[in-house]
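Asks: Got a sequence here, can you model it:
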Amino acid sequence: MAKRLGSQLFINKLSYFTTHHEIKSLFSQFGVVKEARLIRDPKTQRPKGFGFVTFETESEAQKAMKAMNGRFVRGRMMFVEFANDRSPKIDTDN
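Replies: Okay, the predicted model is just below:
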């Protein structure tokens, strides 16, 4: 059985000057972007250089990943991959 990849992408190595609107605009050419968010430092509110983009479908996310991974944005090469599932881990050691 093939592993389902999901429709959320992890974007890393972004310039600290990249905005939420830029990310949404860059990725919207590949499909419907449901959410685009940059992770910020809670104290300074400065971007940490990574974020997430969620698409309507897995195929849109896959197209975006193939086209955008390794692309230069604001002078930095960004890396794009499928986001890991953050489901809670079950402790099996009883």
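Asks: Could you use CA atoms for every contact and neighbour count after this?
Replies: OK.
Asks: Would you mark the buried spots in stretch 44-53?
Replies: P47, K48, G49, F50, G51, F52, V53 (16 or more other CA atoms under 10 Å).
Asks: Out of those residues, name the ones that lie in strands.
Replies: P47, K48, G49, F50, G51, F52, V53 (DSSP state E).
Asks: Look up which helix or strand the residue lying closest to the third one once chain neighbours are set aside falls in, please.
Replies: In this case it means G49. Closest residue to G49 apart from its sequence neighbours, by CA to CA, 6 or more residues apart in numbering: L14 at 4.5 Å. Using DSSP states H and E, L14 sits within no helix or strand.
Asks: Residue ranges in this protein under the pLDDT threshold?
Replies: Applying pLDDT under 70 to the chain flags residues 1-5, 86-94.
Asks: Can you show me the helices along it?
Replies: In the chain, the segments counted as helices under DSSP state H are 20-27, 58-68.
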